[in-house]
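Chemist: Make a model of this:
(chains A and B)
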Amino acid sequence: MKRSKLAIAFALATLPFAAMAHKAWLQPSQTVIAGENPVVTVDAAVSNDLFYFNHVPLKLDNLSIVAPDGSKQAPSNPATGKYRSVFDVELKQTGTYRIGVINDYATASWEENGQPKRWRGTPATFAAEVPKNAKGLQVGQSVSRVETFVTNGSPNDTAIKPSGNGLEMVPVTHPNDLFAKEEAKFRLEIDGKPAAGLDVQIIRGGTRYRNAQDEIKLKTDANGEFAVTWPEPGMYWLEATSQDDKVTVPGAKQRRLGYVATLEVLPQ
Amino acid sequence: MRAKLTIALGTLLAMPVYAAELEINVEIPRINAAEYHRPYVAMWVEGADQKAAANLAVWYMTKDTKEGHGTKWLPDLRQWWRRSGRTLKVPVDGVTGPTRPAGKHALKFDDKQPELAKLAPGNYTLVVEAAREVGGRELLKIPFVWPIKAPQSGKAQGSSELGAITLAAKP
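Modeler: Next up is the predicted model:
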């Protein structure tokens, strides 16, 4: 029991790389909202299908909610069940909120007394918790971001400015201004610099009710940009991954980068 | 050169003579629903760039509620919200008002209305959008030219949340 839990934790730790079939996502109840002190509720899960709770919950340990003025905000009513995590976001300000789970960590695996050991933690705790000269020590580093956007009233750009760490999407078209049959443009950046030639995959939700994934496959251009014309309204899941050798953890050879966004496209 | 100047002057002088008027008739159909709420309706003038050039009317629940004057549901008027509503501070004098019952509603606007007074000459579209709680949404468009130098008229027929919409523009 303990081991299987650990295995799941490790699989999650290396998401979305170790388990390509599993999709991590945050899904807000709505993305365009108004009124006095509106609230959205957000589901957080890792699943096979979009957007159904059929695998494991997405952990909320590294949840980050950035308010329209750039300040950090805590979630309300967070809870984690067997298949999903859920939390509310009170939208006290007007403008755009950026809601994300950002995992920035190191992983290690080695052999101890003939048993395989696995470790996951922050780069800061690495030295204290991982034996330096362990047998068969393998070290990796990873930055992944799973996010979504919600706008109360008029959209703004403060919260959606890139942080400059890892793989991020910089909206050219505002992520809460997406309409079916219209083109939207985004830029992918790695550590704040355009990420050229990256593969981007976009899948519309509701996969359980159709026979094919109907994924849209795109590639970023020299400026790290890509454009998509939304075929129909719906909640869309967008993913891009990359890897490089810009590691900060000693012994690590490779850094894995992941980005996921959930975007709502409205009908005309 | 002189001829041009005369024409320009002539247009300038002629401007005040046009007391342009937009007469809009909007039909809200009677819908037999178990749970009927009066629709939210927005009427605005859209420029060739699809931007909102003038708000004419926005009908929503103006009564005070826990959710705040029904503004919570204003984004359901999706295109109006996007083009104008989200940057607007409601209520707006002479524009916003309470929801209206099923039936025919006649509205009249003249060029003294501040929203219309600022319109630059060009091609425009009257857009009427209706969204009903627990119901549907419909959007109709009628093109016209501003300023109104000769009578213009247009019609659009809705099929669900809106009935017949007519626009009569008179100089």
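
Chemist: what's around the closest residue in space to A:Asp245 that isn't next to it in sequence, how many residues?
Modeler: Nearest non-adjacent residue to A:Asp245, counting by CB to CB, 6 or more residues apart in numbering or on different chains: A:Gln254, 6.1 Å away. For glycine as for every other residue, the C-beta is placed from the backbone atoms N, C-alpha and C. Using other CB atoms under 10 Å in any protein chain shown, A:Gln254 has 14 other residues around it.

Chemist: Quick check, A:Gln254 in contact with A:Ser142.
Modeler: No: taking contacts as CB atoms under 8 Å, A:Gln254 lies outside contact range of A:Ser142: 9.1 Å.

Chemist: Looks to me like the residue nearest to A:Asp245 is in a strand.
Modeler: Yes: counting by DSSP: H, G, I helix; E, B strand; the rest coil, A:Gln254 falls inside a strand.

Chemist: ok now do it, which residues does it touch?
Modeler: Shown in contact with A:Gln254 (CB atoms under 8 Å, 6 or more residues apart in numbering or on different chains): A:Gly140, A:Gln141, A:Gln243, A:Asp244, A:Asp245, A:Val247.

Chemist: Can you select the buried ones among these for me in PyMOL?
Modeler: Buried members of the contacts of A:Gln254, defined by 16 or more other CB atoms under 10 Å in any protein chain shown, are picked up in PyMOL with:
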select buried, chain A and resi 140+141+247
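
Chemist: okay, the contacts of A:Gln254 in JSON lines with pLDDT and secondary structure next?
Modeler: Shown next, in JSON lines, are those (pLDDT from 0 to 100; DSSP: H, G, I helix; E, B strand; the rest coil):
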{"residue": "A:Gly140", "pLDDT": "92", "secondary structure": "strand"}
{"residue": "A:Gln141", "pLDDT": "93", "secondary structure": "strand"}
{"residue": "A:Gln243", "pLDDT": "94", "secondary structure": "strand"}
{"residue": "A:Asp244", "pLDDT": "93", "secondary structure": "strand"}
{"residue": "A:Asp245", "pLDDT": "92", "secondary structure": "coil"}
{"residue": "A:Val247", "pLDDT": "90", "secondary structure": "coil"}
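
Chemist: Can you pick out the most distant pair from the contacts of A:Gln254?
Modeler: Farthest apart among the contacts of A:Gln254 by CB to CB are A:Gly140 and A:Asp244. That separation is 12.2 Å.

Chemist: who in the stretch 51-200 of chain A is up against chain B?
Modeler: With CB under 8 Å from any CB of the partner chain as the criterion, the stretch 51-200 of chain A meets chain B at residues A:Thr151, A:Gly153, A:Ser154, A:Pro155, A:Asp177, A:Phe179.

Chemist: Now for those residues: which two are most distant?
Modeler: A:Gly153 and A:Phe179 (18.0 Å).

Chemist: of the two, who's got more company?
Modeler: In this view A:Gly153 and A:Phe179 are compared by other CB under 10 Å, and A:Gly153 has more residues nearby, 25 against 17.

Chemist: So for A:Ile202, what's the nearest residue that isn't a sequence neighbour?
Modeler: Using CB to CB, 6+ apart, the nearest residue to A:Ile202 is A:Ile216, at 4.1 Å.

Chemist: can you pull the contacts of the one you found?
Modeler: A:Gln201, A:Ile202, A:Ile203, A:Val228, A:Pro231.

Chemist: what's the closest of those to A:Val32?
Modeler: A:Val228 (18.7 Å).

Chemist: Helix or strand: which one has the closest one?
Modeler: Using DSSP states H and E, A:Val228 sits within strand A:225-229.

Chemist: pLDDT below threshold where in the chain?
Modeler: Just going to use chain A. Filtered on pLDDT under 70, chain A yields the residue ranges A:1-21.

Chemist: not quite, I wanted chain B
Modeler: Checking chain B against pLDDT under 70 turns up B:1-18, B:67-68.

Chemist: And the strands in it?
Modeler: Using DSSP state E, the strands of chain B run over B:21-28, B:40-46, B:52-60, B:96-98, B:103-110, B:122-131, B:137-146, B:152-157, B:164-170.

Chemist: Check the stretch 51-200 of chain A too.
Modeler: Per DSSP state E, counting those that start in this stretch, the stretch 51-200 of chain A carries strands over the ranges A:56-57, A:63-66, A:72-73, A:76-80, A:85-90, A:95-112, A:115-121, A:135-152, A:167-171, A:183-190, A:193-194, A:199-204.

Chemist: Which residue lies nearest the spatial centre of chain B?
Modeler: Residue closest to the mean C-alpha point of chain B, counted by CA atoms, centre = their mean, is B:Met43 at 2.5 Å.

Chemist: how about that one, what does it touch?
Modeler: Here B:Met43 is in contact with B:Ile24, B:Val26, B:Asn55, B:Leu56, B:Ala57, B:Val58, B:Leu107, B:Leu126, B:Val127, B:Val128, B:Glu129 (criterion: CB under 8 Å, 6+ apart).

Chemist: if we go to 7 Å?
Modeler: B:Ile24, B:Leu56, B:Ala57, B:Leu126, B:Val128 (CB atoms under 7 Å, 6 or more residues apart in numbering or on different chains).
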